[in-house]
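> What would the 3D arrangement of this be:
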Amino acid sequence: MSNLSDIIEDFINELIESTNNSFIEIQRNMLAQQFDCSPSQINYVLSTRFNSDKGYIIESRRGGGGYVKIFKVDTSSDEHLENILNKSIGDSITLNRANDILNVFNQKGIITLKEQNIIKAAINDRALNRIFYEDRNRLRADVLKEVLLALINEESE
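Below is the predicted model of the structure:
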């Protein structure tokens, strides 16, 4: 018999496969109610089964039921990658989140380790220290998207 974590993982995977989007959006509390478990059990499944090591990008927000967006990185289509970049990075991104995305792209072979390290150097807080702290995450998002899109488009030419 499968344990609860396996059942929740299978359910989320079925949701991902059944959608035409590059992501799904779920509410942690509603999912916890559906499986008669605590929201922390859902968090456990998300952090261990849907992490960057497994090719997923998670966007999470606490409060209001705690919505979670799960993006599955599909390396088979440049257009798909561009959509994921725009949706997962958005208008603003923290350094930690940017590093998570870079790790996924490196692990999937989309960028090399050298490219990853160069991008990390370009978007870290030391490189952006002349920018007001409040504006760094917006600039970081713009730079990250443009560099990754340039690398993706270069490979497809």
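
> Which SSE is immediately downstream of the helix or strand of the chain with the lowest mean pLDDT?
Within the chain, no helix or strand scores below helix 78-89, which has a mean of 70 by mean pLDDT, DSSP states H and E. Of the helices and strands lying after helix 78-89 in sequence (DSSP states H and E), the nearest is helix 95-107.

> buried set for that following helix?
With burial defined by 16 or more other CB atoms under 10 Å, the residues of helix 95-107 counted as buried are R97, A98, N99, D100, I101, L102, N103, V104, F105, N106. In this view, the C-beta of every residue, glycine as well, is placed from N, C-alpha and C.

> Going by neighbour count, which residues in whichever helix or strand comes after that helix are buried?
Proceeding N to C from helix 95-107, the next assigned helix or strand is helix 113-123, under DSSP H and E. If you call a residue buried by 16+ other CB under 10 Å, then helix 113-123 has these buried ones: E115, Q116, I119, K120, I123.

> packing partners for helix 113-123?
When contacts are defined as 3 or more CB pairs under 8 Å, 6 or more residues apart in numbering; DSSP states H and E, helix 113-123 sits against helix 95-107, helix 133-156.

> Could I have the CA atoms of the longest one written out in CSV?
So that's helix 133-156. C-alpha atoms of helix 133-156 as CSV (Å, rounded to 0.1, in the frame of the first residue of the first chain):
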residue,chain,number,x,y,z
TYR,A,133,17.9,47.6,-2.2
GLU,A,134,14.2,47.8,-3.1
ASP,A,135,14.9,47.8,-6.8
ARG,A,136,17.4,44.9,-6.9
ASN,A,137,14.9,42.1,-7.3
ARG,A,138,13.3,43.8,-10.2
LEU,A,139,16.6,44.4,-12.0
ARG,A,140,17.7,40.9,-11.1
ALA,A,141,14.6,39.5,-12.8
ASP,A,142,15.2,41.5,-15.9
VAL,A,143,18.8,40.5,-16.2
LEU,A,144,18.1,36.9,-15.5
LYS,A,145,15.4,36.6,-18.1
GLU,A,146,17.3,38.4,-20.8
VAL,A,147,20.5,36.3,-20.3
LEU,A,148,18.7,33.0,-20.1
LEU,A,149,16.6,33.9,-23.2
ALA,A,150,19.7,34.9,-25.1
LEU,A,151,21.4,31.6,-24.2
ILE,A,152,18.3,29.5,-25.1
ASN,A,153,17.9,31.4,-28.4
GLU,A,154,21.6,31.0,-29.2
GLU,A,155,21.4,27.3,-28.9
SER,A,156,18.4,27.0,-31.2
